[in-house]
Structures are given as structure tokens and as C-alpha cells.
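**Student:** here are the coordinates; sequence isn't available:
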């Protein structure tokens with residue numbers, strides 16, 4: 001965590017006793033040069049991408065392209081699981097229909113099966129959870145149906 005913070009901090013040290021226009025230009029030019037160098041170092045690797053990519057990139061990568069049909073539009077939720085297991089995938093929307101084809105490549109078959117098991121378990125668990133709005137409607141109905149007796153009764157006991 002500390003390294004990430006240190007990488008994002010940009011320091012500019014200039015003797016401010018006699019700061020003139022030329023010194024400021026030199027310092028800013030050096031800063032821009034440093035920022036360009038760090039950007040090139042951390043730039044996205046286009047030759048060997050990982051994770052979500054286009055079908056064309058995925059097909060050009062290696063052999064062993066597999067696909068699965070998905071009707072759920074929330075394929076983005078699979079992204080986290082795919083990164084965890086090192087799976088490269090490419091979603092593709094079938095034109096004119098409400099379905100998606102997702103193409104996969106994984107380092108091995110075990111990683112792919114483990115990722116699918118984890119993803120389907122998450123989806124099943126998500127589907128089984130009751131909706132918060134349904135719970136709210138249920139409690140509203142309970143409150144409306146509850147009759148509160150607000151009359152005061154005073155009884156004298158001896």
C-alpha cells in the first residue's frame with residue numbers, strides 16, 4: 001500500500017530563493033519528462049493482454065478457444081472471478097437477440113472449472129437472497145394491518 005502511495009506522489013524540488021522563468025520551465029520540463037517515463041513503464045501491455053478483451057485479441061492469443069452462451073447482461077460480475085483464476089475472456093453480443101456468447105481461454109482446464117463453479121455459486125446465492133424491496137413491502141403491509149388499540153382504560157384495584 002505504501003509503495004502505491006509513493007508511486008503516485010510527484011515531487012518537484014526547486015531552489016525558491018531566486019526562482020525565475022527559465023528555472024521554472026526547466027523544472028516543469030523535467031517533471032513532464034519524469035511523468036512520461038513512468039506512464040510508458042506502466043502503460044497497458046497491448047501485445048499480451050489479460051482478462052477482458054475483444055474476441056479478435058483472444059483468438060489471436062493461443063489455441064484452445066471455448067465459448068458459452070449467457071443470457072444475463074451482467075457478465076461484468078464474472079470479471080473478478082476470471083482475474084482471480086487467470087482466465088482471459090471476451091463477451092460478444094449476438095446481433096438482434098438478447099443473448100451473449102462469452103469466449104474463454106484459461107491456463108488449464110482445472111482453473112476454468114474452478115472459476116465456473118465459484119461464479120455459479122455466487123449467482124445462485126445472489127438469486128436465493130430475498131429482495132430488499134420485497135421485504136420493505138412486506139413490513140409496510142404488516143404495519144398497516146396492525147390495529148393499535150389506543151383507548152385508555154383506567155381501573156381501580158383494591
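**Tutor:** Here it is on my side, so go on. None of these values were measured; they are calculated from a predicted model.
**Student:** domain ranges for the protein?
**Tutor:** 2-41, 55-140 (automatic domain parsing).
**Student:** Least confident of those domains, on average?
**Tutor:** Least confidently modelled of those is domain 2-41, at a mean of 73 by mean pLDDT.
**Student:** Residue 19 falls within a helix, correct?
**Tutor:** No. Under DSSP: H, G, I helix; E, B strand; the rest coil, residue 19 sits outside any helix and is assigned coil.
**Student:** one step back: ok, and which of the domains of the chain has the densest surroundings?
**Tutor:** domain 55-140 (a mean of 13; mean count of other CB atoms under 10 Å). Heads up, the C-betas are built off the backbone N, CA and C, glycines and all.
**Student:** so residue 140, which of the three states?
**Tutor:** Under three-state DSSP, residue 140 comes out as helix.
**Student:** Distance check, it against residue 56.
**Tutor:** Between residue 140 and residue 56 the distance is 52 Å, computed by CB to CB, to the nearest Å.
**Student:** mind listing the strands in this structure by residue range?
**Tutor:** 66-70, 88-93, 100-105 (DSSP state E).
**Student:** what about those strands, which gets the closest to residue 34?
**Tutor:** The closest approach between residue 34 and any of the strands of the chain, judged by CB to CB, belongs to strand 88-93 at 33.0 Å.
**Student:** And the helices in this protein, which stretches?
**Tutor:** With DSSP state H as the criterion, the chain has helices at 2-8, 21-41, 55-61, 78-85, 109-128, 132-145.
**Student:** roughly how far is the second one from the heart of the chain?
**Tutor:** Taking the mean C-alpha point of helix 21-41 and that of its whole chain, the gap between them comes to 33 Å (CA atoms, centre = their mean, to the nearest Å).
**Student:** With stretch 81-92 instead?
**Tutor:** Remark: stretch 81-92 is offset 12 Å from the chain centroid, using CA atoms, centre = their mean.
**Student:** Quick one: end-to-end distance for it.
**Tutor:** 18 Å (CA to CA, to the nearest Å).
**Student:** repeat for stretch 139-153
**Tutor:** First-to-last residue span, stretch 139-153, CA to CA: 29 Å.
**Student:** Quick one: residues in contact with it.
**Tutor:** By CB atoms under 8 Å, 6 or more residues apart in numbering, no residue outside stretch 139-153 reaches it.
**Student:** Return the set of buried residues in that stretch.
**Tutor:** For stretch 139-153, the neighbour count (16 or more other CB atoms under 10 Å) marks no residue as buried.
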